[in-house]
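**Student:** Need the 3D shape of this:
(one chain, ligands or ions: 1)
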Amino acid sequence: MSPNRAVSRVGTPHDDAEQQDGSGLGLSGPLIPNVFDERTVRAMAELADVDVAIIGTGFGGLYALHKMRDELGLTVQSFEEAGGVGGTWFWNTYPGARSDTEVNAYCYLSDKNLFEEWKWSERYPKQKEILSYLNHCTDRWNLRPNIKFNTRVVKTTFNESTSRWELETDTGEKFTAQFLIEGVGLLSSTNYPDFPGQSSFRGQIYHTARWPKEEVDLRGKRIGVIGTGSSGTQVITELAPQAEHLYVFQRTPQFCVPANHGPLDPEKMKGIIEDFDSYRHSVLSSITSFGFDESPVPAMSVSPEEREAVFEEAWRQGNGFRFMFAAFSDIGVDPEANKAATDFLKKKMAQTIKDPVTLEKLTPKDYWAKRPLCNDGYFESFNRDNVSLVDVKEHPIVEFTEKGIRTDNAEYELDVIVLATGFDAVSGMYLKIDQSGLGGTTLQKKWEDRPHATYGMMAADFPNMFMIYGPMGPFTNQPPVHEWQVDWMADVIQHVRANNLATVEPSRELEENWMVSCDDIAYQTLFMKVDSWINGSNVVGKPVTNYFYMGGMGAYNELVTTSQKAGYPGFNFK
Ligand code: NA7
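**Tutor:** Here you go, the predicted structure:
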């Protein structure tokens, strides 16, 4: 059911939901009007039956709502579990949280005006600034009336007689939609390890990805941080100077290159704006979509002196992905190239970390093939007298006690425990919703052995359901690729509607072939040889397998676009 659409123009501000920005960096100019007038937008918010239902209001979900409503002219209802927009950036408010992707690629790239008008303050913006940006986009596109906040979708069912999705929420409401878009987050479902005795601890326990909204004063506290991934290294670096004592409970050491924090280079931004279309094209045709040029040169093809000079320059520039992909072409795939890189990184660590025992414990023994980290001052934190490293592989955590954490050889007295233990990545959030498709097939059953989806976006037996960054999608920087995927979804939806069809779904054969192609590539990389969220090995009981298309965004873009131009071979339209 669609309402009559009044295609007139207004720009009245929104505001139903709690606004979470707070940095004051938003623009004060007029909102850009969308194709619906305010009354129609609000009328749409009352609809129980819409063209498109969207779950999530992170980067992907917000853009999907804008695209479907304002460009395709469809009725849309979005659902958001949180009290505000932002997804990851709503929840991850822990001290030190910020993007570790350079911001010229960590934003929307589909709208040059938006890119030009929003002024980022630094190269790697902090959480508040990113959340401000997302609130700004929400207001610019007048999206709030079509978002139900504090509303979690708990069940989705495809009704075969109506060819519509039926949705149930935790507030007891029911909705139907012809199309369902799930932008639930690649790294969203928290990984809460089940440490014995948690309830007996008398201090506070915080997970980095569910940090309290109220100010938490950790100055002068005895703090234990469990986890040394992106979140852990950021929170450790930030809390080290504040804590009375900081204990870092490390299971696996990680490499970490400098980020090189600082202001944005205005000349670089100017250059991007001047040639914006080709910049966007270059991001979407690169391997990682991080906004820098990747190297075509294998590491071992150059002399040791030249290799050293390239690594030095990459170190100077900063950024983990840039180091891994822009220094040489094969650090993520060739063991020898990887070793050359890690030898260099180990040398830098040895120059930084003063205590030899701490250095030994902080030095990874494996390939560099977890998600690359970057941070200024992380390893330097361990030179402080008030920071201690606890190696929990050597001395595992036995339990939380009233006073703190007990390992098999000591008890650490703490006021606060920070769990920087990461996420049930990629598939975790989808599986939290009770989802069933054709013939009552549940997603839980379909993904029991391994989560998979065609092009990372659609699953056989789940017609008209789209996933932003679902399993077997590209392993890349996300925001520009979110836009790209949503644009593809919009084309598919337009194809269905223009041809008076009811449904679209990938065939099982296409899905199987896609999975085989993804595996062929992924198992040639070193990312499958090291435990991390990338292959599911970070969560107890989760299938340890390939979750990504690792052929690069450029190749993905080309092959999915070729299929689109050929009329979507392998997809069943009815
Ligand atoms: P990560 O990168 O998955 O890191 C989680 C960390 O927590 C990592 O060091 C884990 O050690 C550690 N961990 C997890 N469970 C335990 C238990 N039970 N005991 C001790 N240590 C544990 O999550 P992040 O939040 O830092 O970052 C995830 C992504 O978000 C990041 O890559 C960016 O893309 C944004 P392990 O290495 O598994 O031994």
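**Student:** Could you pull out the strands in the stretch 451-574 of the chain for me?
**Tutor:** Using DSSP state E, counting those that start in this stretch, the strands of the stretch 451-574 of the chain run over 465-467, 473-474, 504-506, 548-549, 571-573.
**Student:** For those, give me a markdown table that also has distance to Arg164.
**Tutor:** Every residue, glycine included, has its C-beta placed from N, CA and C. Listed next are the strands of the stretch 451-574 of the chain as a markdown table, based on distance: least, CB to CB, whole Å:
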| stretch | distance to Arg164 |
| --- | --- |
| strand 465-467 | 11 |
| strand 473-474 | 25 |
| strand 504-506 | 14 |
| strand 548-549 | 30 |
| strand 571-573 | 16 |
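**Student:** mind listing what the residue nearest to Phe276 when sequence neighbours are not counted touches?
**Tutor:** In space, and not counting its chain neighbours, Phe276 is closest to Lys112: 4.6 Å by CB to CB, 6 or more residues apart in numbering. By CB atoms under 8 Å, 6 or more residues apart in numbering, Lys112 lies in contact with Ile273, Phe276, Asp277.
**Student:** quick one: pLDDT of Gln254?
**Tutor:** Looking at Gln254, its pLDDT is 97.
**Student:** Next one: the single nearest residue of the stretch 351-500 of the chain relative to the ligand from Tyr192, what distance?
**Tutor:** Residue nearest to the ligand within the stretch 351-500 of the chain: Gly422 (2.6 Å; CB to the nearest ligand atom). Gly422 sits 10 Å away from Tyr192, going by CB to CB, to the nearest Å.
**Student:** quick one: which of the two has more around it?
**Tutor:** Gly422 (24 against 16; other CB atoms under 10 Å).
**Student:** how close does the closest residue to the more buried one other than its chain neighbours sit to Gly552?
**Tutor:** Closest residue to Gly422 apart from its sequence neighbours, by CB to CB, 6+ apart: Asn191 at 4.8 Å. According to CB to CB, Asn191 stands 27 Å off from Gly552.
**Student:** returning to that earlier point: looking at the strands of the stretch 451-574 of the chain, which one is packed in the most?
**Tutor:** Greatest average neighbour count among these goes to strand 465-467 (a mean of 28), per mean count of other CB atoms under 10 Å.
**Student:** For the biggest strand by length in the chain, which outside residues touch it?
**Tutor:** Across the chain, the longest stretch assigned as strand under DSSP state E is strand 174-182. With contact meaning CB under 8 Å, 6+ apart, strand 174-182 is reached by 48-56, 61, 64, 68, 77, 156, 159, 162-169, 430, 433, 464-468, 470, 486, 489, 493, 502.
**Student:** Which ones among these lie within strands?
**Tutor:** 49-55, 77, 156, 159, 164-169, 465-467.
**Student:** Of the residues you listed, which ones also sit close to the ligand?
**Tutor:** Counting by CB under 6 Å from any ligand atom, nothing from those sits close to the ligand.
**Student:** Just the buried subset of these, please.
**Tutor:** 49-55, 77, 156, 164-169, 465-467 (16 or more other CB atoms under 10 Å).
**Student:** packing partners for the longest helix anywhere in the chain?
**Tutor:** Determined from DSSP state H, the single longest helix within the chain is helix 479-498. The contact analysis (3 or more CB pairs under 8 Å, 6 or more residues apart in numbering; DSSP states H and E) places helix 479-498 against helix 59-66, strand 174-182, helix 276-284, strand 473-474, strand 504-506, helix 553-565, strand 571-573.
**Student:** Can you tell me which residues in this protein are near the ligand?
**Tutor:** Going by CB under 6 Å from any ligand atom, the residues of the chain near the ligand are 187, 193, 226-232, 251-252, 371, 392, 420-423, 531, 533, 538.
**Student:** Strands - which of these land there?
**Tutor:** Using DSSP E, the subset of the residues of the chain next to the ligand located in strands is Ile226.
**Student:** Can I get the buried ones among the residues of the chain next to the ligand as something I can paste into PyMOL?
**Tutor:** To isolate the buried members of these in PyMOL, using 16+ other CB under 10 Å:
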select buried, resi 187+226+227+228+229+230+231+232+251+252+371+392+420+421+422+423+533+538
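**Student:** coming back round to it: so what are the sheet partners of the helix or strand following the longest strand of the chain and their directions?
**Tutor:** Following strand 174-182 in sequence order, the next helix or strand is strand 204-207 (DSSP states H and E). Using DSSP bridges, the strands paired with strand 204-207 are strand 416-419 (parallel).
**Student:** outside of the partner strand, which residues touch it?
**Tutor:** 94, 192-193, 201, 203-208, 218, 221-227, 235, 239, 400, 404-405.
**Student:** gap between that strand and the chain center?
**Tutor:** Centroid displacement of strand 416-419 relative to its chain, using CA atoms, centre = their mean, to the nearest Å, is 22 Å.
**Student:** CA atoms of that strand as CSV?
**Tutor:** The C-alpha trace of strand 416-419 is given here as CSV (Å, rounded to 0.1, in the frame of the first residue of the first chain):
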residue,chain,number,x,y,z
VAL,A,416,36.5,-0.8,36.8
ILE,A,417,36.7,-3.6,34.1
VAL,A,418,36.6,-2.6,30.5
LEU,A,419,35.6,-5.3,28.1
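**Student:** Nearest spatial neighbour of Lys268, chain-adjacent residues omitted?
**Tutor:** Spatial nearest neighbour of Lys268, chain neighbours left out: Asn104 (6.9 Å); criterion: CB to CB, 6+ apart.
**Student:** Now do the one you found: how many residues are near it, please.
**Tutor:** 22.
**Student:** Asp217 now?
**Tutor:** For Asp217, the count of nearby residues is 7 (other CB under 10 Å).
**Student:** Number the residues from 11 up from this point.
**Tutor:** Got it, the first residue is 11 from now on, which makes the last one we talked about Asp227.
**Student:** gap between Ala107 and Gly242?
**Tutor:** According to CB to CB, Ala107 stands 12 Å off from Gly242.
**Student:** shared neighbours of these two, which are they?
**Tutor:** Joint contacts of Ala107 and Gly242 (CB under 8 Å, 6+ apart) are Thr218.
**Student:** which residue sits closest to the closest residue to the ligand within the stretch 61-210 of the chain, ignoring its sequence neighbours?
**Tutor:** Going by CB to the nearest ligand atom, the ligand is nearest to Pro203 of the stretch 61-210 of the chain, at 3.4 Å. Leaving aside its chain neighbours, Pro203 sits nearest to Thr431 (5.5 Å; criterion: CB to CB, 6+ apart).
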